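1. Any chance you can model this:
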Amino acid sequence: MPSTVENQSERRSLLAEVARASAAFGAGAPAYGALPPGIIVPGRNVDTAADKSASDRSTGLVTRRRRPESEGSDGRDTVRQEPVTGPAGPQPAVAIAPIRERDCGRKPDQMLLGHAVQNYLNYMNGMEPARHFADFLSDVERSLDESFAGHGAGTLMGAARHLCMAGGKRARPLLVKIFGTICGAPPERLVDIGVASELIHSASLLHDDVVDHGMFRRGKPTVNARWGNVVAVMTGDMLLATALRRLGGLDARITRSAVDTVAQMTEAAIAEVEARGDLSLSLEALKAIAEGKTGALFGWCGLAAALAAGDDEAASRFDRFGRRAGVAFQMADDVKDVTGGDEGKPRYADIQSKNPSLVILLAAARDGSLRKRLLDAWAYPAMTPERVREIGTAILCSGAVELAVEHMEREIEAAIGELGPYASSAYGERLVGWARQLAEGLSGRGTA
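-> Okay, the predicted model is just below:
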């Protein structure tokens, strides 16, 4: 394990990289309204070979790929081109202002900041306390494997293993261990809670990929892409049942709170679907969705660990901390979506899926013409990649990323405040540092 001095040196180096990228990213960017005039036709000015192969932009066609679902098929995808249609038929070749990286004074590689942030976060994932709790995480991994072994080798088990054993940060089991260590919970109970938290999280990913038509996760095809939606939904249901079974021998309040958490996650997921394309969504409503989708399970990790220790005050405080930290992490995801900082997901996914993320809402509120362009683009079921890229660049030029980071920082500080006296304990300080390091990484602050 690297020494403390080596860790601090590497951390300073990575923070300096983020600071340099952040400065280069934001230098000299004029307001969106000051962009030079011009006209392009959606479907032209294709920049990459990958874009050219994806669809014929000049004819307004988009490539559709379909996996064969009949048993007698030869297993190959079928490909056909269809018009990009909207409410009144094919998408018109409307004139729109070309917004490219050079138009707002940014470096050609707009992913610079995103990559610097991701490098820093990857480093943090490998630091303490993850290393300190390696034995605990090994126990969680072994218990996850055993959970699937008890159900045979059928389709559902194969699909469950495909997702759950494909890696992942195991952030939720790690939080369970940190919370439990703060209040002295029995280690064996924490393993059960940690496994349950990962199973619930995995079930939510399976269901999300069905809703979002996700094709890749953790660098592999999603379960719905490989086995279809029915298997993905049923596998998610099985994982939820397995999680609740795992909690059966613990305090009944832990199981009841897990059921409540799943209900909140489900309600937030449908609220997110209903908000698609809605640029009038309030920031409070957006935070409520983020709390339900991400914060509720973060909070349950702390609640359950404290209940296992019989510490009711800690249960309440940890729940509130986790909920607000979960909102902050969702905000960080929103930022990485437009900066290209998440290498495991396609850039501008929120624009493509018509998801009014924090960054998109802030950008639309700052610039009426950008708001109109988004609404016009979202009126159609699909957008060409270059139109997504044009709108994404406009969002980057709007200053919304910087505002979103400020919102995230406030949420992190509010989360830390919820810890109360537990923040000063040895592992409470680790939680505080963990949260603040995310803020430092995304804002580009820190010592050079």
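
2. A232: neighbour count?
-> Neighbour count for A232, taken as other Cβ atoms under 10 Å: 24. For every residue, glycine as well, the C-beta is placed using N, CA and C.

3. For it, give me its contacts.
-> Neighbouring residues of A232 by Cβ atoms under 8 Å, 6 or more residues apart in numbering: 159, 206-207, 209-210, 222-224.

4. Backbone torsions only: list them for the nearest residue to it once chain neighbours are set aside.
-> Nearest non-adjacent residue to A232, counting by Cβ to Cβ, 6 or more residues apart in numbering: N224, 3.9 Å away. Dihedral pair for N224: phi -70, psi -30, per degrees, to the nearest 10.

5. Over to the one 4 residues further on?
-> When read as degrees, to the nearest 10, the backbone of G228 gives phi 100, psi 170.

6. Then K220?
-> Here the main-chain torsion angles of K220 (degrees, to the nearest 10) amount to phi -130, psi 160.

7. What are the boundaries of the helices in the stretch 201-350 of the chain?
-> 223-227, 229-246, 252-274, 283-290, 296-309, 312-339, 349-352 (DSSP state H, counting those that start in this stretch).

8. Which residue is the nearest non-sequential neighbour of A363?
-> In space, A363 is closest to A400, 3.7 Å off (Cβ to Cβ, 6+ apart).

9. ugh, typo on my part, it should be M331
-> M408 (4.0 Å).

10. thinking that neighbour is in contact with A332, fair?
-> Yes. Contact criterion Cβ atoms under 8 Å: M408 and A332 qualify, at 5.9 Å.

11. Just the ones of the contacts of A232 in strands?
-> Cross-referencing the contacts of A232 against strands under DSSP state E gives no overlap.

12. Please dump the residues you listed into JSON lines; it should also carry neighbour count and distance to A379 for every row.
-> Output for these, formatted as JSON lines (neighbours: other Cβ atoms under 10 Å; distance: Cβ to Cβ, whole Å):
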{"residue": "A159", "neighbour count": "24", "distance to A379": "36"}
{"residue": "L206", "neighbour count": "28", "distance to A379": "30"}
{"residue": "H207", "neighbour count": "22", "distance to A379": "27"}
{"residue": "D209", "neighbour count": "21", "distance to A379": "25"}
{"residue": "V210", "neighbour count": "19", "distance to A379": "25"}
{"residue": "T222", "neighbour count": "23", "distance to A379": "28"}
{"residue": "V223", "neighbour count": "28", "distance to A379": "31"}
{"residue": "N224", "neighbour count": "27", "distance to A379": "27"}
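
13. will you turn those into a markdown table that also has pLDDT?
-> Listed next are those as a markdown table, based on pLDDT from 0 to 100:
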| residue | pLDDT |
| --- | --- |
| A159 | 91 |
| L206 | 95 |
| H207 | 94 |
| D209 | 91 |
| V210 | 92 |
| T222 | 91 |
| V223 | 93 |
| N224 | 93 |
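
14. what ranges of the stretch 251-400 of the chain fall below the confidence cut-off?
-> 342-344 (pLDDT under 70).

15. Make TSV from the contacts of A232 and add distance to D145 to it.
-> Shown next, in TSV, are the contacts of A232 (distance: Cβ to Cβ, whole Å):
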residue	distance to D145
A159	15
L206	18
H207	22
D209	22
V210	25
T222	21
V223	18
N224	23
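
16. The nearest residue to S398 once chain neighbours are set aside: what's it in contact with?
-> Of all residues not flanking S398 in the chain, A363 sits nearest, at 4.2 Å (Cβ to Cβ, 6+ apart). Shown in contact with A363 (Cβ under 8 Å, 6+ apart): 370, 394-395, 398, 400.

17. now, among these, which is nearest to N229?
-> Nearest to N229, judged by Cβ to Cβ, of the contacts of A363 is I395 at 31.0 Å.

18. my guess is I182 meets E429, correct?
-> No. Counting by Cβ under 8 Å, I182 sits too far from E429 to count as a contact (10.0 Å).

19. These two: which is more packed in?
-> The residue with more neighbours, out of I182 and E429, is I182; 26 against 14, by other Cβ under 10 Å.

20. contacting residues around that one?
-> Per Cβ under 8 Å, 6+ apart, neighbours of I182: 314, 422, 425, 427-428, 431.

21. what residue ranges in the stretch 1-150 of the chain score low on pLDDT?
-> For the stretch 1-150 of the chain, the ranges with pLDDT under 70 are 1-132, 150.

22. repeat that with 90
-> Applying pLDDT under 90 to the stretch 1-150 of the chain flags residues 1-134, 145-150.

23. Only C-alpha atoms, please: export stretch 194-201 in CSV.
-> The C-alpha coordinates for stretch 194-201 follow below in CSV (Å, rounded to 0.1, in the frame of the first residue of the first chain):
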residue,chain,number,x,y,z
GLY,A,194,-24.2,-4.7,2.4
VAL,A,195,-25.2,-7.6,0.1
ALA,A,196,-28.9,-6.5,0.3
SER,A,197,-27.9,-3.0,-0.7
GLU,A,198,-26.0,-4.2,-3.7
LEU,A,199,-28.8,-6.5,-4.8
ILE,A,200,-31.4,-3.7,-4.5
HIS,A,201,-29.1,-1.4,-6.5
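
24. Which positions within stretch 242-259 qualify as buried?
-> Across stretch 242-259, burial judged by 16 or more other Cβ atoms under 10 Å covers 242-244, 246-247, 250, 254-255, 257-258.

25. Also stretch 275-282?
-> Buried-residue list, stretch 275-282, by 16+ other Cβ under 10 Å: 275, 278-279, 281.

26. now do stretch 143-157
-> Neighbour-count burial for stretch 143-157 [16+ other Cβ under 10 Å]: 143-144, 147-148, 156-157.

27. And the contacts of it?
-> 160-161, 164-165, 191-192, 195, 198-199, 227, 231, 234-235, 238, 242, 246.

28. Just the buried ones from those, in PyMOL syntax?
-> In PyMOL syntax, the buried subset of the contacts of stretch 143-157 is picked out as below (16+ other Cβ under 10 Å):
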select buried, resi 160+161+164+191+192+195+198+199+227+231+234+235+238+242+246
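
29. which SS class is the closest residue to Q352 other than its chain neighbours?
-> Spatial nearest neighbour of Q352, chain neighbours left out: V388 (5.6 Å); criterion: Cβ to Cβ, 6+ apart. What DSSP: H, G, I helix; E, B strand; the rest coil gives for V388 is helix.

30. Begin at 38, not 1, for the rest of this chat.
-> I'll keep to 38 as the first residue from here, and by that count the last item is V425.

31. burial measure for V425, as a count.
-> For V425, using other Cβ under 10 Å, the count is 18.

32. ok, now how distant is it from R207?
-> According to Cβ to Cβ, to the nearest Å, V425 and R207 sit 32 Å apart.

33. hang on, the earlier thing: so can I have CSV of the helices of the stretch 238-387 of the chain showing distance to T421?
-> Converted to CSV, the helices of the stretch 238-387 of the chain look like this (distance: least, Cβ to Cβ, whole Å):
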stretch, distance to T421
helix 260-264, 22
helix 266-283, 26
helix 289-311, 24
helix 320-327, 27
helix 333-346, 36
helix 349-376, 18
helix 386-389, 10
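
34. Perfect, that will be all.
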